[in-house]
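Asks: turn this into a model:
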Amino acid sequence: MDYLYYFNRVIGYALIIPGAVMCLLPVKNHLRIPAKKLCLLLFPTLILYSFLMPFAEYFISMSDSNTLFTLTIVLCFFTYCMAVNLEKIKLFYLYLSNVALLSFGGLAFYMVDAYIVNNGIASPIYDTAVISQWCTTILLICFVFFPFFNRKLTWTLEHFQSKSVWNMVWTVPALITFCNYAMIPADYRNATVGRIFSLYLLIDITLLLLFLLFQQMFYLIAKTLIEKNEYEQKTQLLQIQASQYLSLLRYVKETSKLRHDFRHTAHTLLSLAQEGNIDKILCYLEEYSQDLDSYHPRLFCNHTTANAILAYYANIAVSQEIQMNWQMDLPEKLLISDVDLCSILGNLLENAIAGCTDVLPTQRFINLSADLTKNRELYIICVNSFDGKPRKSGTKYLSTKKDGSGIGLLSISATAEKYAGMTRFYHSDGEFYSEIMLNLPAA
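Replies: The predicted structure follows:
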């Protein structure tokens, strides 16, 4: 083997190192392995890979060296999925996006190489085509990846949860990669004939601009949909608070009437007592007590907004004959967005109520508790009955609602991560457990 050729191939394969960095940076908060330990394992392995691949090319005769490289890229993806705790479809999209971005550098290698060969330019000791590939890749990393991918795509991966959209968008970077692969000249002699070379450059630059435009559009669409969802949540929350406010006004009005009529009630009870009619006194007091109970508003905690959402779902639970044991120790003020808190409670109770409706009325229950520690850690625990048949996709639970989307549980987990917290969902003997912990900021 020509040693100069060998080292040039090593430099070419070493591009997998910046590729690995591009894949890991956007998901650094989801690594299954501590970052330092992963670096100590990963980068020596990739360096070794760069040195061994040219040997593999030499000893394994293949018509196209890209075939062997493609097989290793597929293997790398499965390793990537094991190292990162995120939905595989999201990882697939991120992985393909980075492969598509690096494919522009790969095509630059072939175009420069074809130009040098066809024009008889004397090659220096280093491979000019490999250097051009590295230069193109570095430019794309500096002016595309860091300004856009590492920020906007990271945000999209964290917040956008529509699985149906993720199932489709990966086709765009896959198509870009395929186009760049298809544009590799089969015969260098045809690559620079007439205006072919200029057309190659024009098409490739157009593909790059379309790819970047798609990424920007996807980010804006995802952001718009999330903002729309947040707006709808805020609107629903305001409606629930308005309903609770009207209930309080009705309570004040009715109790005011009771207080006004109490003088007549006292006279009536006094007359019945003087007559010694104990049965009528008891009957009268029972009716009066029922009237008082009917005007009593639900108070679960001192936090006004949380109490409104709890009262809303409590009414639904009562209508579904669900036994409730709720102990919500929430202060009047919490350093958490009202929308985030009510999103967690709403999704939690909506899922719990849906689970309870699958069992007999006598078996329906929801136990809910919340507690704020001195270290500003907010713990929310919910246990509800269900039919004992969980709907799961891999290790993740799906929603107990008919559509089975599981967006509610995903939303809870995303909100918990926003507050550097954690979630845990599991089931046992017809009971579903939801445990949530949030680290609230200091005042």
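Asks: which residue sits farthest out from the middle of the chain?
Replies: Taking Cα atoms, centre = their mean as the measure, the residue most remote from the mean C-alpha position of the chain is Glu275, 71.8 Å away.
Asks: that one and Ile281, how far apart?
Replies: Distance of Glu275 to Ile281, given as Cβ to Cβ, to the nearest Å: 9 Å. (Glycine included, C-beta is placed from N, CA and C.)
Asks: who are the neighbours in contact with Phe69?
Replies: Phe69 is in contact with 13, 53, counting by Cβ atoms under 8 Å, 6 or more residues apart in numbering.
Asks: now do the buried residues in stretch 72-87.
Replies: Residues of stretch 72-87 classed as buried by neighbour count (16 or more other Cβ atoms under 10 Å): 76, 80-81, 83-84, 86-87.
Asks: can you list contacts of that stretch?
Replies: Counting by Cβ under 8 Å, 6+ apart, stretch 72-87 makes contact with 16, 20, 23-24, 27, 30-33, 38, 49, 53, 88, 91-92, 95, 99, 157, 163, 166, all of which sit outside it.
Asks: and with 7 Å instead?
Replies: 23, 27, 30-33, 38, 88, 91, 95, 99, 157 (Cβ atoms under 7 Å, 6 or more residues apart in numbering).
Asks: could you export those residues as CSV, including secondary structure?
Replies: What follows is the contacts of stretch 72-87, written out as CSV (DSSP: H, G, I helix; E, B strand; the rest coil):
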residue, secondary structure
Cys23, helix
Val27, helix
His30, helix
Leu31, strand
Arg32, coil
Ile33, coil
Leu38, helix
Lys88, helix
Leu91, helix
Tyr95, helix
Val99, helix
Leu157, helix
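Asks: out of those, the closest to Cys301 would be?
Replies: Taking Cβ to Cβ as the measure, His30 is the one of the contacts of stretch 72-87 closest to Cys301, at 32.7 Å.
Asks: how much space separates the closest one from Phe218?
Replies: Using Cβ to Cβ, His30 is found at 20 Å from Phe218.
Asks: please, which helix or strand holds the nearest residue to Asp127 once chain neighbours are set aside?
Replies: Spatially, and ignoring its direct neighbours in sequence, Asp127 is nearest to Asn8 (3.8 Å; Cβ to Cβ, 6 or more residues apart in numbering). Counting by DSSP states H and E, the secondary-structure element that holds Asn8 is helix 3-13.
Asks: report the buried residues of that helix.
Replies: By neighbour count with 16+ other Cβ under 10 Å, helix 3-13 contains the buried residues 7-13.
Asks: with pLDDT and distance to Gly421 as extra columns, can I get those residues in a markdown table?
Replies: As requested, the buried residues of helix 3-13 are exported to a markdown table (pLDDT from 0 to 100; distance: Cβ to Cβ, whole Å):
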| residue | pLDDT | distance to Gly421 |
| --- | --- | --- |
| Phe7 | 86 | 50 |
| Asn8 | 84 | 50 |
| Arg9 | 85 | 48 |
| Val10 | 90 | 45 |
| Ile11 | 90 | 45 |
| Gly12 | 88 | 44 |
| Tyr13 | 91 | 41 |
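Asks: and the strands in this structure, which stretches?
Replies: For the chain, the strands defined by DSSP state E cover 323-329, 365-372, 377-385, 392-393, 396-397, 422-428, 431-439.
Asks: partner strands of the third one, with direction?
Replies: Within its sheet, and counting by DSSP bridges, strand 377-385 is paired with strand 365-372 (antiparallel), strand 431-439 (antiparallel).
Asks: tabulate the ones you listed in JSON lines, adding columns for distance to Ile344.
Replies: As requested, these are arranged in JSON lines below (distance: least, Cβ to Cβ, whole Å):
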{"stretch": "strand 365-372", "distance to Ile344": "10"}
{"stretch": "strand 431-439", "distance to Ile344": "6"}
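Asks: what's the closest of these to Thr177?
Replies: Nearest of the strands paired with strand 377-385 (Cβ to Cβ): strand 431-439, 39.6 Å.
Asks: and the average pLDDT for the closest one is what?
Replies: This predicted structure assigns strand 431-439 an average pLDDT of 93.
Asks: okay, and for the stretch 201-350 of the chain, where does confidence drop off?
Replies: Along the stretch 201-350 of the chain, the parts satisfying pLDDT under 70 run over 236-238, 240-270, 272, 284-285, 288-297.
Asks: can you show me the helices along it?
Replies: With DSSP state H, counting those that start in this stretch as the criterion, the stretch 201-350 of the chain has helices at 278-294, 304-319, 338-356.
Asks: circling back: separation between the residue farthest from the centre of the chain and Glu286?
Replies: Going from Glu275 to Glu286 by Cβ to Cβ gives 18 Å.
Asks: can you check Asp204 too?
Replies: 86 Å.
Asks: between the two, which is the more surrounded one?
Replies: Asp204 (18 against 10; other Cβ atoms under 10 Å).
Asks: so the more buried one touches Ala108, yeah?
Replies: No: counting by Cβ atoms under 7 Å, Asp204 does not reach Ala108; the two are 8.1 Å apart.
Asks: contact partners for Cys356?
Replies: Contacts were defined as Cβ under 7 Å, 6+ apart; by that measure Cys356 touches 320, 322, 364, 366, 384-386.
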